[in-house]
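**Student:** Whatever this is, show me its structure:
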Amino acid sequence: MADMAVETAKPGGKLSGPRQRLELASHAPGAIYHSPEVYRKEVELLFMKEWLMVARVEEIPNPGDYMALRICDEPIVIARDRSGSLNAFYNMCVHRGVEVAEGCGNARSFKCPYHGWVYDLTGQLKGAAHMDASEGFHAKDCRLRPIRLDVWRGNIFICFDQHGRSFEEAIAPFEKDFGFLQTDRCRLANKIRLELNCNWKFVPENIMDFYHVNVLHAGTFGSNFSWKNDDVILRDRGEFSIWYKAAPPTPGGEMLLGKMPWMQDRDPSFASHGFMMPNLTVFGRIDCVRPFVAWPLGPDRCEVFIYHLFPEEFFERPDFREKAEVYRQYQLKVLGEDTSMMESMQRAMSLPSYKPGRMSYLEKPLHHYLNAYLARIFGPDGGPDGVVR
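**Tutor:** Below is the predicted model:
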């Protein structure tokens, strides 16, 4: 059955607006950004199917280190076992589903606080008191349910779908276009977390919307920014890569730490931007790399993580922390400009008076992304009627 919010918010009862070629296209109806039914399908068809970046390897560097997370309400644990291997599994005791870990830290094992079942760092059940009389029960046959995990250049990815496509296939476009950024030779200087009162899609959409840069960000980085539609390389599944010109992400547009060692032959204005479905954006600049990840917290709330990565050599400088803080504060300032716009758009999405406007030719990446998104959520063929099936 169709969600009534979808039906009432669609222009003319259709989702055809974004599906026109760019010169004729309009933006998506507001229901895409506030409907609970659409949100549930996004979780099911995107977040439970795709490879998702969840952490950096240096956040879990030592045997015994772990991190407990929630992704679309699913509790998970990432842990490094005694052999040094990374493992991911659901944070639910196989007995009654109680979470066996919280926060982050270092542990020899995980113990359920309810009945005391004990699991090792690979998720294997090692002890379950008073289960001797349970016929056919064997601890060796029980483990925390595993989640697929892989690493690309220091970035940890997971996939909930045990039968989905391989990580090698999923990451291949990023490796081709952005492997040269060598994030495996970088370390995490700081990690920003923000909660926003808007739908999660507004975050990647805002990042890929170069149309707004010279207006909203005129007082920050907009004056040192230039790109052309021809610079956009469209990939399958709504993904894309862009190369353009921009100053380093500092208040004065200066390289406070110099070029990354493997970028010495690049112009100081070098900038790149890659998007991986459904929620990962990576910015490459001459002096740093910044992955952005947007996680849904519901139809109208989300959380955003921004990772500031710098070459390991930079960390040895006595003034590194001071200068890295300049990058962090500048990022927060720019995010403040964007946040006000994203939350303003969100307030409009559920109003009957909202009608999607026409797209500009400068919204080529967004148009490409929306068409792939609509095909995934509403089907590639039947669909401009917008019915949620």
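**Student:** what's the distance between residue 243 and residue 285?
**Tutor:** Going from residue 243 to residue 285 by Cβ to Cβ, to the nearest Å gives 12 Å. For the C-beta atoms, the positions are set from N, CA and C on the backbone; glycine is no exception.
**Student:** cool, and residue 367?
**Tutor:** Distance from residue 367 to residue 285, by Cβ to Cβ: 25 Å.
**Student:** Please compare the two by neighbour count and tell me which comes out ahead.
**Tutor:** Set side by side, residue 367 and residue 285 show more neighbours around residue 285, with 25 against 21, by other Cβ atoms under 10 Å.
**Student:** what's near enough to touch that one?
**Tutor:** 246, 248, 249, 270, 271, 272 (Cβ atoms under 8 Å, 6 or more residues apart in numbering).
**Student:** out of these, who's nearest residue 100?
**Tutor:** Ranked by distance to residue 100 (Cβ to Cβ), these are led by residue 249 at 39.4 Å.
**Student:** Is that closest one in contact with residue 221, as I believe?
**Tutor:** Yes. If you go by Cβ atoms under 8 Å, residue 249 and residue 221 touch, sitting 6.8 Å apart.
**Student:** Now do the shared contacts for these two.
**Tutor:** residue 334.
**Student:** And the pLDDT at the closest residue to residue 182 other than its chain neighbours?
**Tutor:** Once flanking residues are discounted, residue 182 sits nearest to residue 262: 5.4 Å by Cβ to Cβ, 6 or more residues apart in numbering. Looking at residue 262, its pLDDT stands at 98.
**Student:** Residue 262 looks like it's in a strand, true?
**Tutor:** No. If the criterion is DSSP: H, G, I helix; E, B strand; the rest coil, then residue 262 is helix and not within a strand.
**Student:** Could you find the closest non-adjacent residue to residue 23?
**Tutor:** Closest residue to residue 23 apart from its sequence neighbours, by Cβ to Cβ, 6+ apart: residue 361 at 7.0 Å.
**Student:** Can you tell me the closest non-neighbouring residue to residue 193?
**Tutor:** residue 305 is the one closest to residue 193 (Cβ to Cβ, 6+ apart), at 5.5 Å.
**Student:** quick one on the thing from earlier: count of residues packed around the residue nearest to residue 182?
**Tutor:** 12.
**Student:** Tell me which residues touch it, please.
**Tutor:** With Cβ under 8 Å, 6+ apart, residue 262 has these contacts: 180, 182, 185.
**Student:** Give me the pLDDT value at the first one.
**Tutor:** Residue 180 carries a pLDDT score of 97 in this model.
**Student:** Look up phi and psi at it.
**Tutor:** phi -70, psi -20 (degrees, to the nearest 10).
**Student:** how close does it sit to residue 265?
**Tutor:** 11 Å.
**Student:** Most neighbours among the contacts of residue 262, which one?
**Tutor:** In those, the most neighbours by other Cβ under 10 Å go to residue 182, 18 neighbours.
**Student:** How about the contacts made by that residue?
**Tutor:** So residue 182 contacts 153, 260, 262 (Cβ under 8 Å, 6+ apart).
**Student:** Assign a three-state SS to residue 336, would you?
**Tutor:** Per three-state DSSP, residue 336 ends up helix.
**Student:** What of residue 172?
**Tutor:** Under three-state DSSP, residue 172 comes out as helix.
**Student:** count of neighbours near it?
**Tutor:** Residue 172 has 12 nearby residues by other Cβ under 10 Å.
**Student:** lowest-confidence helix or strand of this structure?
**Tutor:** helix 4-9 (a mean of 44; mean pLDDT, DSSP states H and E).
**Student:** low-scoring pLDDT stretches of the chain, where are they?
**Tutor:** Along the chain, the model assigns pLDDT under 70 to residues 1-14, 222-223, 381-389.
**Student:** mind listing the helices for it?
**Tutor:** 4-9, 36-42, 167-178, 202-208, 213-216, 320-349, 364-378 (DSSP state H).
**Student:** Residue 101: which of the ones you listed is closest?
**Tutor:** Closest approach to residue 101 among the helices of the chain is made by helix 167-178 (24.1 Å; Cβ to Cβ).
**Student:** next one: the closest one to chain centre, how far?
**Tutor:** 15 Å (Cα atoms, centre = their mean, to the nearest Å).
**Student:** Remind me what that helix packs against, helices and strands.
**Tutor:** Using 3 or more Cβ pairs under 8 Å, 6 or more residues apart in numbering; DSSP states H and E, the elements in contact with helix 167-178 are strand 146-152, strand 155-159, strand 240-246, strand 270-276, strand 280-285.
**Student:** run the last query once more with 7 Å
**Tutor:** Judged by 3 or more Cβ pairs under 7 Å, 6 or more residues apart in numbering; DSSP states H and E, helix 167-178 is in contact with strand 146-152, strand 270-276.
**Student:** Which of those sits closest to residue 88?
**Tutor:** strand 146-152 (4.1 Å).
**Student:** Pairing partners for the closest one, with directions?
**Tutor:** Partners of strand 146-152 in the sheet, by DSSP bridges, are strand 86-90 (antiparallel), strand 155-159 (antiparallel).
**Student:** how about the ones you listed in TSV, adding distance to residue 146 and mean neighbour count?
**Tutor:** Formatted as TSV, the strands paired with strand 146-152 follow (distance: least, Cβ to Cβ, whole Å; neighbours: other Cβ atoms under 10 Å):
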stretch	distance to residue 146	mean neighbour count
strand 86-90	5	21
strand 155-159	10	21
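**Student:** Let me have those in CSV, adding distance to residue 62 as columns.
**Tutor:** Formatted as CSV, the strands paired with strand 146-152 follow (distance: least, Cβ to Cβ, whole Å):
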stretch, distance to residue 62
strand 86-90, 12
strand 155-159, 15
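**Student:** so which of those comes closest to residue 17?
**Tutor:** strand 155-159 (32.0 Å).
**Student:** Just the CA trace of the closest one, in PDB.
**Tutor:** Output in PDB follows, covering the C-alpha atoms of strand 155-159 (Å, rounded to 0.1, in the frame of the first residue of the first chain):
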ATOM      1  CA  ASN A 155      39.100   2.800   6.200                       C
ATOM      2  CA  ILE A 156      36.900   0.100   7.800                       C
ATOM      3  CA  PHE A 157      33.700  -1.000   5.900                       C
ATOM      4  CA  ILE A 158      31.000  -3.400   6.900                       C
ATOM      5  CA  CYS A 159      28.100  -5.000   5.000                       C
END
